[in-house]
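Novice: only geometry, no sequence info:
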């Protein structure tokens with residue numbers, strides 16, 4: 001299984017004004033630096049939690065179905081945008097009415113409708129492409145408050161000390177992110 005980012009969010013997970021207020025910065029001269037720290041904090045949070053923060057589109061590529069259900073290695077999954085299967089000459093779209101998304105389980109999964117059987121792709125590698133939208137939502141307001149506060153603390157640690165590792169603010173950020181951490185066994 002391979003996953004590839006198709007389109008990332010253009011929004012920041014926290015407002016620049018919130019970052020400036022936290023750091024007590026009254027000017028906009030350092031906005032480019034703050035944006036860099038904000039994007040780095042978002043990436044650190046996504047790696048730590050195993051979740052996508054803001055809406056992103058991803059493509060998951062499979063060789064075959066292997067099982068009746070397909071587990072999606074992203075969270076939270078908002079929607080399945082399309083499923084395509086290689087039919088010998090092109091990728092063919094699978095009708096959306098033949099499958100359903102279970103995004104209420106710990107691991108989101110796609111299941112065929114009861115009377116439907118997955119068709120095997122006409123090639124051994126990369127014959128199935130699943131495009132999904134993942135993330136808590138489109139903007140900062142969709143994120144849980146403790147994730148946002150953790151991002152602000154991580155940014156503060158990076159701004160104050162240059163490196164968030166070993167900093168109390170960064171450690172507190174990870175404690176705030178901990179309830180959202182996806183465990184893979």
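Specialist: Received it, and whenever you're ready, just let me know what you need. Not measured: the values here are computed from a predicted model.

Novice: And the longest helix along the chain, what does it pack against?
Specialist: The longest helix of the chain (DSSP state H) is helix 31-49. Contacts defined by 3 or more Cβ pairs under 8 Å, 6 or more residues apart in numbering; DSSP states H and E place helix 31-49 against helix 16-23, helix 145-161, helix 168-177. C-beta coordinates here come from the backbone N, C-alpha and C atoms, glycine included.

Novice: In a helix, residue 79, correct?
Specialist: No - per DSSP: H, G, I helix; E, B strand; the rest coil, residue 79 lies outside any helix segment and is strand.

Novice: Would you mind measuring from the residue nearest the centre of the chain to residue 64?
Specialist: Central residue of the chain (Cα atoms, centre = their mean): residue 52, 2.1 Å from the mean position. According to Cβ to Cβ, to the nearest Å, residue 52 and residue 64 sit 26 Å apart.

Novice: Could you do residue 26 as well?
Specialist: With Cβ to Cβ as the criterion, residue 26 and residue 64 are 58 Å apart.

Novice: Please identify which of those two sits among more neighbours.
Specialist: More crowded of residue 26 and residue 64, by other Cβ atoms under 10 Å: residue 64, with 13 against 8.

Novice: can you list the domains in the chain?
Specialist: Domain ranges of the chain: 2-53+139-180, 58-133, per automatic domain parsing.

Novice: can you put these in TSV and add mean pLDDT?
Specialist: TSV is the format used below for the domains of the chain (pLDDT from 0 to 100):
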stretch	mean pLDDT
domain 2-53+139-180	91
domain 58-133	93
